[in-house]
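Student: sharing a sequence plus its predicted fold:
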Amino acid sequence: MNTVVTARLRALSRAELLLFGRNRSAVLTALLMPLVLPVSVRPAMDQAGLKGIGLGTLTLTAAIGFSFLFAVYSSLVGAFVARREELVLKRLRTGELSDAEILTGTALPVLCLGLAQAVLLAVGCTVLLDAGAPRAPYLTLFGLVLGLLLSAVLAALTAAVTRTTESAQITAAPLVLVSMMGSGIAVPADVLPHRLAAVCELLPLSPAVRLVRAGWTGELSAFEALRAVATALAWTVVAVFAVRRWFRWEPRR
């Protein structure tokens with residue numbers, strides 16, 4: 001049975017990869033945004049003067065956070081909506097694939113892209129910006145997995161309230177902007193007022209971004225790391241429930 005499911009997911013992922021590759025704007029956004037945007041926020045990081053945290057670590061955290069937002073989340077919102085509007089999802093549901101398999105197969109190519117991009121960014125920042133070796137690599141791994149997973153689930157949830165492919169960028173914008181400013185991506189959490197930072201820690205992608213950075217700095221205690229993981233898992237469970245309840249498989253008429 002597992003072999004059959006794997007074969008189905010492989011076939012669906014291959015088809016989705018071909019469709020994704022034909023959308024040049026989506027490919028450029030997914031590939032270039034996580035590379036270009038960290039450079040644009042670098043002056044602010046230079047002026048932040050954070051306690052002993054290197055510029056390489058801050059840039060790496062920002063780059064991986066932007067990968068969550070653009071390579072995975074924004075790309076998948078557009079992909080889910082486009083497949084729904086083209087009746088691809090409806091046709092797939094008439095076959096042997098389960099709903100979970102359809103959504104997973106659609107998301108897999110983009111998730112693999114996000115993971116590969118994160119690895120390349122980590123290597124690049126370590127070599128070029130002297131980010132150094134991670135002090136707690138398991139935290140970065142947890143952050144990557146949770147960030148990629150939650151970005152995909154949130155994309156499916158956002159697609160549920162998106163009417164057309166043209167409006168996908170608009171409906172994705174609120175989470176992108178809030179996460180950029182409050183989750184420690186474009187603005188390091190250390191420079192925010194204490195009370196605001198405490199609230200921003202509860203944003204969906206904040207725990208994943210915090211874990212990614214903590215893997216390099218080793219700044220989190222065991223309790224803080226467990227709390228971040230628990231918060232990310234809670235958001236994931238809530239988002240999965242919402243997707244199961246409200247995801248739309250057919251176009252709105």
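Tutor: That came through, no problem. These numbers were taken from a predicted model, which means no experiment stands behind them. Numbers count the residues shown, from 1 in each chain.

Student: now residue 103: which helix or strand?
Tutor: helix 99-128 (DSSP states H and E).

Student: which parts of the chain are helices?
Tutor: Ranges of helices in the chain, per DSSP state H, are 2-22, 24-40, 42-48, 55-66, 75-85, 88-93, 99-128, 137-160, 168-182, 194-200, 206-217, 222-246.

Student: dump the ones you listed to a markdown table, plus mean pLDDT and mean neighbour count.
Tutor: In this view, the C-beta of every residue, glycine as well, is placed from N, C-alpha and C. Shown next, in a markdown table, are those (pLDDT from 0 to 100; neighbours: other CB atoms under 10 Å):
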| stretch | mean pLDDT | mean neighbour count |
| --- | --- | --- |
| helix 2-22 | 78 | 14 |
| helix 24-40 | 66 | 16 |
| helix 42-48 | 58 | 13 |
| helix 55-66 | 84 | 25 |
| helix 75-85 | 93 | 25 |
| helix 88-93 | 90 | 16 |
| helix 99-128 | 87 | 19 |
| helix 137-160 | 95 | 22 |
| helix 168-182 | 93 | 17 |
| helix 194-200 | 91 | 12 |
| helix 206-217 | 93 | 26 |
| helix 222-246 | 95 | 15 |
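
Student: among those, which is nearest residue 252?
Tutor: For these, the distance to residue 252 is smallest for helix 75-85, at 9.1 Å, taking CB to CB.

Student: which other residues reach that closest one?
Tutor: 16, 19-20, 23, 26, 29-30, 89-90, 103, 106-107, 110, 113, 151-152, 155-156, 158-159, 162, 164-165, 168-169, 171-172, 248-251 (CB atoms under 8 Å, 6 or more residues apart in numbering).

Student: CA atoms only for it, dumped as CSV, please.
Tutor: Below are the C-alpha coordinates for helix 75-85, written out as CSV (Å, rounded to 0.1, in the frame of the first residue of the first chain):
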residue,chain,number,x,y,z
SER,A,75,3.9,30.0,-4.7
LEU,A,76,1.5,27.4,-3.3
VAL,A,77,-1.4,29.8,-2.9
GLY,A,78,-1.2,30.5,-6.6
ALA,A,79,-0.8,26.8,-7.4
PHE,A,80,-3.7,25.6,-5.4
VAL,A,81,-6.0,28.3,-6.7
ALA,A,82,-4.9,27.7,-10.3
ARG,A,83,-5.4,23.9,-10.1
ARG,A,84,-8.8,24.5,-8.6
GLU,A,85,-9.9,27.0,-11.2
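
Student: any idea how far it is from the chain center?
Tutor: How far helix 75-85 lies from its chain's middle: 16 Å, per CA atoms, centre = their mean, to the nearest Å.

Student: just to revisit the earlier point, JSON lines for the helices of the chain, including distance to residue 188?
Tutor: Compiled in JSON lines, the helices of the chain are given as follows (distance: least, CB to CB, whole Å):
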{"stretch": "helix 2-22", "distance to residue 188": "32"}
{"stretch": "helix 24-40", "distance to residue 188": "12"}
{"stretch": "helix 42-48", "distance to residue 188": "6"}
{"stretch": "helix 55-66", "distance to residue 188": "6"}
{"stretch": "helix 75-85", "distance to residue 188": "25"}
{"stretch": "helix 88-93", "distance to residue 188": "39"}
{"stretch": "helix 99-128", "distance to residue 188": "15"}
{"stretch": "helix 137-160", "distance to residue 188": "15"}
{"stretch": "helix 168-182", "distance to residue 188": "11"}
{"stretch": "helix 194-200", "distance to residue 188": "10"}
{"stretch": "helix 206-217", "distance to residue 188": "9"}
{"stretch": "helix 222-246", "distance to residue 188": "16"}
